[in-house]
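Visitor: Predicted model and sequence below, questions to follow.
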Amino acid sequence: LIKKLKRFDLLNKEIKEDSSLEKIFQDLLEHVEYKMPHPSSVNRDAFLILSDEINKLEETESQDKEDIEVILNDIHQKVKAL
C-alpha cells in the first residue's frame, strides 16, 4: 500500500501544489506507514477493499482536486477503521 501511495504522489504533482491536499495525503501516508496494524492482523476483506480503492486512486490520473480530496479522505477513514 505504501508503494502505491508513493507512486500516486509522484505521478500527481497537483497534490504538492495544494497545501490542503498535501496535508491530507501526508496524514494518510503516515497512518499507513506507522499506525496501521500489520495486514496479517486485520480483517482480510476490509484490507482487500482498501487495497482495491488505492488501486483505483492510482488509475485516476486527471481528476479535480476536490474529487481527489474526497477519495483520499475516504481511504483514510477506511485505514483508521482497520
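Guide: Arrived safely. Residues are numbered from 1 along each chain as shown.
Visitor: only C-alpha atoms for contact and neighbour calcs from this point on.
Guide: Will do.
Visitor: Of all the residues in the one helix or strand residue 24 maps to, which ones are buried?
Guide: Residue 24 is part of helix 19-30, with elements assigned from DSSP states H and E. By 16 or more other Cα atoms under 10 Å, the buried positions in helix 19-30 come out as 21, 22, 24, 25, 26, 28, 29.
Visitor: same for that helix, what does it pack against?
Guide: helix 14-17, helix 65-81 (3 or more Cα pairs under 8 Å, 6 or more residues apart in numbering; DSSP states H and E).
Visitor: out of those, nearest to residue 39?
Guide: helix 65-81 (10.9 Å; Cα to Cα).
Visitor: so how far is the closest one off the chain centroid?
Guide: 7 Å (Cα atoms, centre = their mean, to the nearest Å).
Visitor: circling back to that earlier point, could you dump the helices and strands packed on helix 19-30 to TSV with mean neighbour count and mean pLDDT?
Guide: TSV is the format used below for the helices and strands packed on helix 19-30 (neighbours: other Cα atoms under 10 Å; pLDDT from 0 to 100):
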stretch	mean neighbour count	mean pLDDT
helix 14-17	15	79
helix 65-81	15	90
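Visitor: Looking at those, spot the one closest to residue 36.
Guide: Nearest of those (Cα to Cα): helix 65-81, 6.8 Å.
Visitor: what's that closest one in contact with?
Guide: Helix 65-81 is contacted from outside by 14-15, 21, 24-25, 28, 31-32, 36, 50, 53-54, 57, using Cα atoms under 8 Å, 6 or more residues apart in numbering.
Visitor: Distance-wise, check residue 33 relative to residue 69.
Guide: For residue 33, the distance to residue 69 equals 19 Å [Cα to Cα, to the nearest Å].
Visitor: For residue 2, which of the helices and strands packed on helix 19-30 is the nearest?
Guide: Short answer: helix 65-81, nearest of those by Cα to Cα, at 12.0 Å.
Visitor: what angle do the closest one and helix 19-30 make?
Guide: 30 degrees (axes from the mean of the first three to the mean of the last three Cα atoms, to 10 degrees).
Visitor: looking at this structure, which helix or strand is least sure?
Guide: helix 14-17 (a mean of 79; mean pLDDT, DSSP states H and E).
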